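1. take this sequence and fold it.
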Amino acid sequence: MNKTIAMVAAAAVITLGAARAAPLPEANPDDVGFSRQGLTRLDDFFAREIAAKRVPGAVVAIARDGKLVHYKAYGMLDPDKGTPMPIDAIFALASMTKPMAAVAGLTLMEQGRLPLQAKLSNYYPAFADMKVGVTEANGALKLEPQASPIFIHDLYRHTSGLMYGGRPDSSSPVARQYPDGTAPAIEGDTQAFIDRITKLPLAHQPSTEFEYGFSIDVLGAVVEKVSEQKLGDYLAANVWQPLGMKDATFHPTDAQRPRLARPFANDPLTGKPQSIKLLDTPTKFDCGGACSFATIGDYIRFGQMLLNGGELDGQRILSPKTVHHMTTNHLGPEIKNNVANIEPHRAGFGFGLSVAVRTGEGLSSVPGNPGEFTWNGAYGTQFFCDPKERLVVVVGTAAPGELRKYYREQVQDIVYGAMTK
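-> Reported below is the predicted structural model:
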């Protein structure tokens, strides 16, 4: 056991000085309020988890004041082949795609081309005819007309009434009619997705309840309609390339595929088979809710851009005022807040324009400050930004089971526990 941990620790030390491709300037942790010794708890934590065969590997990036204080790879990229985890491993981001798709939409908003109060049916008319599914006492599903239309605003904040099928956090009988998050992108193109989703009932009246689902996928389709480009092409030109996010993509190339992080064949908690289907199954449209890939170095540049108020290294993506609007809670008292149902440690969070937003002290099971904004991916990735602490953290693992939620909580505990001021 000790030998295994030592080997893992040795493999882990792909540190700040090792890669010319460090995504941000580097700093001594002590100079920006971190304990170097405290940060070694991350090394110890992942060494234990990898030795116990609970996760194949990880990449962790932490920046404060715009400078990297921790940037390491741990364990294995591919547990079947025993490939060491490189610092530039590429992760299937799942729902961490959503903030990037939202930024694409917000750039169009700044151009006067996609206002929040525009009706979704202006872009795809079939959404106007969707009915709301209401469960009656006998279990039957009654269909009612929309009391108000779905607005673009509802897509960003998940108040459209659209949902995902098969999510354990939803008790709605409507869910049985919905596909899972990536199925439409595997099965057909953008228009086929719109045709499929608009034939289903809404889970709630628009603008009344946070319901996690296909809202950002639909937003991505609207971005395509307005920009007259595929979502990935629009993001490449307006976000990824300006920020130097070299590996961000919806469609990994043959050259990128050897760097894709892969999970264990079986879930360590249940023993049941698990997979990340998108690693080997191409998508037919660029689904803004779940289908992108990137390195952790790429994503920390994206997070740092948001923390900086929309700019990084002289490249402005959004106005500071737009970023502030994006990262402010948009779930008013009239909207039922179900954010903590999605992420168990999200008590005390509201939701902004595609990101969860911490609204108060306490309540959450993880440390942080009001104003923190964050979101995670179902395959084991996470990111959070704490403006008060000038902090950005991005973590990549290939852990598509429930264990991913454990890592999200533990990493945040360790990061804040390593801060000295």
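2. and Gln229, what are its phi and psi?
-> The phi/psi pair for Gln229 (degrees, to the nearest 10) reads phi -140, psi 160.
3. heads up, I number from 41, so please use that
-> That works, and once the first residue is 41, the last one we named lands at Gln269.
4. could you count how many residues lie near it?
-> Neighbour count for Gln269, taken as other C-beta atoms under 10 Å: 17. Yep, even glycine has a C-beta here, placed from its N, CA and C like the rest.
5. ok, Tyr114 next?
-> 26.
6. output the host helix or strand of it as PDB, nothing but the C-alphas.
-> According to DSSP states H and E, Tyr114 maps onto strand 107-118. What follows is strand 107-118, C-alpha atoms only, in PDB (Å, rounded to 0.1, in the frame of the first residue of the first chain):
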ATOM      1  CA  LYS A 107      -1.400  33.300 -10.500                       C
ATOM      2  CA  LEU A 108      -1.200  29.500 -10.300                       C
ATOM      3  CA  VAL A 109      -0.300  28.200  -6.800                       C
ATOM      4  CA  HIS A 110      -1.100  24.500  -7.600                       C
ATOM      5  CA  TYR A 111      -1.100  22.700 -10.900                       C
ATOM      6  CA  LYS A 112      -0.600  19.000 -10.800                       C
ATOM      7  CA  ALA A 113      -1.600  15.700 -12.400                       C
ATOM      8  CA  TYR A 114      -2.300  12.600 -10.400                       C
ATOM      9  CA  GLY A 115      -2.600   8.900 -11.100                       C
ATOM     10  CA  MET A 116      -3.700   7.500 -14.500                       C
ATOM     11  CA  LEU A 117      -5.300   8.800 -17.600                       C
ATOM     12  CA  ASP A 118      -6.500   5.400 -18.700                       C
END
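7. avg pLDDT for that strand?
-> Across strand 107-118, pLDDT averages out at 98.
8. and the next helix or strand past it?
-> strand 123-124.
9. so what does the very next helix or strand once past that following strand touch, helix or strand wise?
-> Following strand 123-124 in sequence order, the next helix or strand is strand 130-132 (DSSP H and E). On a contact count with 3 or more C-beta pairs under 8 Å, 6 or more residues apart in numbering; DSSP states H and E, strand 130-132 meets strand 333-335.
10. what is the strand it packs on packed up against?
-> Judged by 3+ C-beta pairs under 8 Å, 6+ apart, the packing partners of strand 333-335 are strand 130-132.
11. buried residues in whichever helix or strand comes after the strand it packs on?
-> Using DSSP H and E, the helix or strand that follows strand 130-132 towards the C-terminus is helix 137-150. Using 16 or more other C-beta atoms under 10 Å as the test for burial, helix 137-150 gives 137-149.
12. which parts of this structure are helices?
-> Taking DSSP state H, the helices of the chain run over residues 42-52, 76-91, 137-150, 192-197, 223-227, 230-237, 255-267, 271-275, 281-283, 336-347, 360-366, 379-382, 443-457.
13. among those, which is nearest Ser247?
-> helix 192-197 (5.7 Å; C-beta to C-beta).
14. not counting its own residues, what contacts the closest one?
-> The contact list for helix 192-197 (C-beta atoms under 8 Å, 6 or more residues apart in numbering) reads 142, 145, 154-160, 199-201, 246-247, 250, 255-256, 258-259, 262, 370-371, 391-394.
15. equivalent analysis for stretch 278-293, please.
-> Defining contact as C-beta under 8 Å, 6+ apart, one finds that stretch 278-293 is touched by 63, 128, 130, 140, 143-144, 147, 271-272, 275-276, 296, 299-300, 322-323, 326-327, 331-335, 338-339, 341-342, 345, 352-353, 355, 357.
16. what's the span of stretch 72-80 from first residue to last?
-> End-to-end distance for stretch 72-80: 16 Å, by C-alpha to C-alpha, to the nearest Å.
17. can you pull the buried residues of it?
-> Residues 72-75, 78-79 are the ones in stretch 72-80 that count as buried (16+ other C-beta under 10 Å).
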